[in-house]
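> Provided below for reference: sequence and predicted model.
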Amino acid sequence: MVHKSKVDWWMKILLIVLPIVAIIPAVMVSIKAGFTEAWTSWAGVLFLVLLYWIFVIPVEYHINQDVLIVRFGLIRSKIKYEDIKGVKPSRNPISSPALSLDRLGIDLGSKLPNLISPQDKSVFLQELSQHTPHLKIEGDSLVSKG
């Protein structure tokens, strides 16, 4: 099952405004001075598009048979179900593959938690619980049965 990332309203604005802010100067310089003088501006636009492609689009979470795959752009991170110690709500703003601050923190023990933001957290937790028999749903979290 694939769960897309929830996207906060301010993140939508940011993701839309950044390319516009990059394109406007490139177009203006191209009109006034010609494309050959505007190549650096267009290189900046291309760089931004590459960043979106590499890191941002899409952000989704795949609950597979063996592992949870966190995908952000071209990058995929695999989390073994047996490594998951718990899952709880978080609003931690640290950089993560999540387009919302309405997040779930996946506790992996000694490692830093993976922060994700599935659109429907309750459905995500329900499906994840089917692959983590050592955890149980308790409210809006997955906790150890032991």
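Here it is on my side, so go on. As the structure is a computational prediction, the values presented were derived from the model and not from experiment.

> how far away is residue 39 from residue 21?
Taking CB to CB, to the nearest Å as the criterion, residue 39 is separated from residue 21 by 18 Å. C-betas here are computed from N, CA, C, even on glycine.

> what about the two, which has more around it?
Neighbours were counted for residue 39 and for residue 21 using other CB atoms under 10 Å; residue 39 has more, 14 against 11.

> element containing that one?
helix 39-51 (DSSP states H and E).

> do the same with residue 22
For residue 22, the host element (DSSP H and E) is helix 9-33.

> for that helix, which helices and strands make contact with it?
helix 39-51 (3 or more CB pairs under 8 Å, 6 or more residues apart in numbering; DSSP states H and E).

> quick one: contacts of the helix or strand that the helix it packs on is followed by?
Downstream of helix 39-51, the next assigned helix or strand under DSSP H and E is strand 59-63. With CB atoms under 8 Å, 6 or more residues apart in numbering as the test, strand 59-63 has contacts from 1-5, 68-73, 97-99, 116-118, 124, 127-128, 131.
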